[in-house]
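Chemist: output the structure for:
(chains A and B)
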Amino acid sequence: MVHNKKILASLVAGASMLATQAFAGELVINTDTSDPAPKAVFEAVIKGFEAENPDVSVTWNLFDHEGYKTSIRNFLTADAPDVANWYAGNRMLPYVNAGLFEPVDDVWAEHGLNDSLGSAAASMTIDGKKWGVPYTYYQWGVYYRKDIFAKNGIAVPTNWAEFKAAGETLKAAGVTPVTIGTKYLWTAAGVFDYLNLRTNGYDFHMALTKGEVSWTDPRVKATMNNWKELVDAGFFLENHAAYSWQDALAPMVQGDAAMYVMGNFAVAPLREAGLTDEQLGFFQFPVINPDVALAEEAPTDTIHIPANAKNKADAKRFLAYVARADVQTEMNAGLGQLPINKGSSVADDKFLQAGYNMLSNTEGGIAQFFDRDAPAEMAKAGMEGFQEFMVKPERLDKILQRLEKVRARVYN
Amino acid sequence: MRDFWRSHQQQLAPWLFLLPGVLMFLIYVIIPIFQSMNISFYAWDGLGAKEYVGMANYVELMDDEAFYISLKNNLIWLLLYMLAIPAGLFVALFLNQNVYGIRIYKSLFFFPFVISQVVVGLVFAWFYDPSNGLFNIVLGWFGIDPVAILADEDLVTYGIIAAGLWPQTAYCMILYLTGLNAVDGEQIEAARLDNARGLKLLWYVILPQLRPATFIAIVVTVIGALRSFDLVSIMTGGGPWGSSRVLAFYMYEQAFSEYGFRMGYGAAIAVVLFAIMMLYIAAFLYKMYRDEGGR
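Modeler: The predicted structure is shown next:
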């Protein structure tokens, strides 16, 4: 559809001898939103943008979600679109450093985004400049089977002792306390992030992912020892290294497992698999060290203007459009996620409302995610270490030493 | 000019015919090899400026646990992948008969080689699945607890090789089947007259005639083992914690994967892999040269 429009537009323009202007109004957008819901959302956003800006015709290139992670490097250098989506935090650092993203401070200033998108300003800032516009984020936490908890008389755990006790009760009832599939590694990083945020707090976690703290530091060991308690007690799904995160949903749906440390995107497949809102609940990851302020994990997705874009003027209009409160309300209702703009309203969904309340009251800070906060190489080595640790906890010292070696190299 | 062409036509013609192929080979194979070698001396993320680091990538490689795991796995692959040759020969001998519908059986046996390696990987990943996989259901019949082959650092490589042997056996089988067509019936008859049968007949009369097929089978199997990438990528992604990596996959991981983009380091791994292949190819070329020279 979008494509046809473009052809039509250029035909009309060509006929009226205004070809140059028509090309100035052509906006190329690349996105990785290949899953059904995000795809529909972007379709709607582009339509809405075109309706409000009839002088701009959009060409939309839709990439496969996983393939995008490698193709973005090629198209940013070789054949840059005018707009591309990506992630906040350290994940955009390589492109910022290579000069492939355009700073968009003017868009932020002109449209008052420093106020309306203020909560995500820090994660969009590198070297004092803003490099894109965030449009969505989602909470992480513990998703659990309310009915199984009720059947075994377990209340929602709020601290470490209660959490462990809940797990023991579940195990006695023949239920695996926590399901997880670590085949693709990142799920283990979610658990690590929360354990570290709760044990040592946000500032330490950020210092660690920034490479300022040694992996053999006793505070890291404290985090890992807390994790070891859970591993040794058999809290996690058996053979988790053989499963993807989707595979690990099955035991939870079947009632063989009761909890899942996950992002809010897990709700949709769990509902599709037949769990009702009466069966499925969400709670904040319990307190471990009462002295640290509660920090949460909430990855932010963003859109950027490549430095080599041809039509930066219209690209900035598109960014401003996506930053708008009403547009973000609409988008996130479709995505099942949370809008960044503080003027937006959160969809009427119990998990989104719970996440919104939790994140609005977060005092400790909001982390992006291990593989977005830490540089790619460190993230890869770290997540591999976490997976190994979850199966072979006795190798802890060896794993931490290996990570320390990687740290020494990655951050120089 | 015309005279030159006339007098040298004989010498020039073969080169002219070779030229397009040689050009392609230079552009797409030979030059990239040297480019990779060059890149392996740099630290480069594929985007920014290259920084010359000399031998640093190789020094790091020597101290990289993951590299040694990959190397070890490559050796296991090389060794066990060779099983495809006797297995292929066995199947070929079995199918080399004239009964009704043998062509269907032949094509069924050849089938695994025709389907994509990605599909083979997926099928075997499901086969090994610890909760629903056929493998563990069968183990269950004998009262054995499920084994998560693809999540066990000691078993995972063998599990993937087993998956790889399935299509590779079919490949060797087809090579031997064509070889068997060319086996001289008179020689077999003569051997029969001399009272040779069974294994002796196979070993002294048939196998020597299959030598060209064996040669090709070894070459493709060794190369197949060294470039074993798709199965590792599909079935485990190198996991658990990197214990099923092979050099080709490690190279890809370092250079192109989501968390990689260390082009220099990836190129260094490629150079090492190339050196290993070169050793083997040189040895084989030498043997071929000697054999042909002796004829």
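Chemist: near chain B, which residues of the stretch 301-412 of chain A show up?
Modeler: Residues of the stretch 301-412 of chain A lying close to chain B by CB under 8 Å from any CB of the partner chain are A:371, A:376-377, A:379-380, A:384-385, A:387-388, A:391, A:402, A:409. In short, each C-beta sits where N, CA and C put it, glycine included.
Chemist: inside strands: which ones of those residues?
Modeler: Using DSSP state E to define strands, no part of those is located there.
Chemist: what is the burial count for residue 245?
Modeler: Using chain A here. As a burial measure, the neighbour count of residue A:245 was computed by other CB atoms under 10 Å in any protein chain shown and equals 21.
Chemist: wrong one, I was asking about chain B
Modeler: Residues lying near residue B:245 (other CB under 10 Å) number 27.
Chemist: swap in the one 3 residues further on?
Modeler: By the criterion of other CB under 10 Å, residue B:248 has 21 neighbours.
Chemist: and the residues of the stretch 301-412 of chain A next to chain B, which are buried?
Modeler: For those, burial is judged from neighbour counts taken by 16 or more other CB atoms under 10 Å in any protein chain shown, and it is met by A:371, A:376-377, A:379-380, A:384-385, A:387-388, A:391, A:402.
Chemist: and the stretch 51-200 of chain B, which of its residues are near chain A?
Modeler: Residues of the stretch 51-200 of chain B lying near chain A (CB under 8 Å from any CB): B:60, B:65, B:128-131, B:146, B:148, B:150-151.
Chemist: which among the residues you listed count as buried?
Modeler: When these are checked for burial by 16+ other CB under 10 Å, the buried set is B:60, B:128-131, B:146, B:148, B:150-151.
Chemist: which among those residues gets closest to residue B:98?
Modeler: Distance ranking of those against residue B:98, using CB to CB, places residue B:128 first at 38.0 Å.
Chemist: excluding its backbone neighbours, what's nearest the closest one?
Modeler: With CB to CB, 6 or more residues apart in numbering or on different chains as the measure, residue B:149 is the residue that lies nearest to residue B:128, at 4.5 Å, once sequence neighbours are left out.
Chemist: would you format the buried ones among the residues of the stretch 51-200 of chain B next to chain A as JSON lines with secondary structure and pLDDT included?
Modeler: What follows is these, written out as JSON lines (DSSP: H, G, I helix; E, B strand; the rest coil; pLDDT from 0 to 100):
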{"residue": "B:60", "secondary structure": "helix", "pLDDT": "87"}
{"residue": "B:128", "secondary structure": "helix", "pLDDT": "88"}
{"residue": "B:129", "secondary structure": "coil", "pLDDT": "85"}
{"residue": "B:130", "secondary structure": "coil", "pLDDT": "82"}
{"residue": "B:131", "secondary structure": "coil", "pLDDT": "79"}
{"residue": "B:146", "secondary structure": "coil", "pLDDT": "78"}
{"residue": "B:148", "secondary structure": "coil", "pLDDT": "82"}
{"residue": "B:150", "secondary structure": "helix", "pLDDT": "83"}
{"residue": "B:151", "secondary structure": "helix", "pLDDT": "83"}
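Chemist: could you list the low-pLDDT ranges of the chain?
Modeler: Unless you meant another one, I'm taking chain A. A:1-24 (pLDDT under 70).
Chemist: the chain in question should be chain B.
Modeler: Chain B contains residues with pLDDT under 70 at B:293-295.
Chemist: tell me where the stretch 51-200 of chain B has strands.
Modeler: Secondary structure of the stretch 51-200 of chain B by DSSP state E, counting those that start in this stretch: the strands cover B:51-52.
Chemist: likewise the stretch 301-412 of chain A?
Modeler: Under DSSP E, counting those that start in this stretch, the stretch 301-412 of chain A gives strands at A:365-367.
Chemist: so which bits of chain A are right by chain B?
Modeler: A:66, A:69-70, A:73, A:76-77, A:94-95, A:97-98, A:100, A:182-185, A:238-242, A:250, A:371, A:376-377, A:379-380, A:384-385, A:387-388, A:391, A:402, A:409.
Chemist: how close does the residue nearest the centre of chain B get to chain A?
Modeler: If you average the C-alpha coordinates of chain B and look for the closest C-alpha using CA atoms, centre = their mean, you land on residue B:224, 0.6 Å from that point. With distances defined as CB to the nearest CB, to the nearest Å, the gap from residue B:224 to chain A amounts to 25 Å.
Chemist: residues contacting that residue?
Modeler: Contact partners of residue B:224, counting by CB atoms under 8 Å, 6 or more residues apart in numbering or on different chains, are B:81, B:164, B:168, B:171.
Chemist: spit out the contact partners of the residue nearest to the last one when sequence neighbours are not counted.
Modeler: Right, the one you point to is residue B:171. Nearest non-adjacent residue to residue B:171, counting by CB to CB, 6+ apart: residue B:113, 4.9 Å away. Residues near residue B:113 by CB under 8 Å, 6+ apart: B:167-168, B:170-171, B:174.
Chemist: can you give me the helices for the stretch 51-200 of chain A?
Modeler: Assigned helices in the stretch 51-200 of chain A, in chain order: A:65-77, A:93-97, A:105-110, A:113-116, A:121-124, A:146-151, A:160-172, A:186-200 (criterion: DSSP state H, counting those that start in this stretch).
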